[in-house]
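Asks: output the structure for:
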Amino acid sequence: MESSVNQHQQNLGAIIHLSTFSKYFIPFGNFILPLVLWSSNKKESAFIDENGKNAINFQISLLLYSIALGIISVPLFFHFSFDIFNVFDLAEHNTHEFKVANWRDVRGNFLLILVVLLFSLGLFLLDIFSTVMATIKANKGEVYNYRFAINFIK
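Replies: The predicted structure is shown next:
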């Protein structure tokens, strides 16, 4: 790492981290914008190179965590909805009533759905908090290492 980081490099490092918020406006913007900024400026300094790698690695890690959460939660959702509302009984008897099969199952199923929702909220808050912290650190000339990030790009 360079001993002195100029203001332009600090600003560019902060912009790389902030550009990950573009996913809320542009599909896959959290990968495209930081990747463009990082790849076009990584030869300029080791500071920009390190910040770009960290930002992209963290976004890839968040994507993998979200996919894993989805893989776990989608089958649970379908299992619980079929279990709670007896969807197969509705189809066989051609009725249009929704009757809850067993209220004990409903409490347990909603508890598991709540756990999945809490994990989703945790990922969202981790993304927001870590990105803001990385932006602040980069603007001060420091490199922020994201927690729970897998180093895909070294």
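Asks: so which residue is dead centre in the chain?
Replies: Leu62 (3.6 Å; C-alpha atoms, centre = their mean).
Asks: and the helix or strand that contains that residue, what other elements does it pack with?
Replies: Secondary structure from DSSP states H and E places Leu62 in helix 46-85. Contact partners of helix 46-85 among helices and strands, from 3 or more C-beta pairs under 8 Å, 6 or more residues apart in numbering; DSSP states H and E: helix 7-18, helix 29-41, helix 103-139. In short, each C-beta sits where N, CA and C put it, glycine included.
Asks: ok, and for the longest one, which residues are buried?
Replies: Of the residues in helix 103-139, those scored as buried under the neighbour-count criterion (16 or more other C-beta atoms under 10 Å) are Asn109, Val116, Phe119, Leu126, Asp127, Ser130, Thr131, Ala134, Thr135, Lys137, Ala138, Asn139.
Asks: repeat that for the shortest one.
Replies: Residues of helix 7-18 classed as buried under the neighbour-count rule (16+ other C-beta under 10 Å) are Gln9, Gln10, Leu12, Gly13, Ala14, Ile15, Ile16, His17, Leu18.
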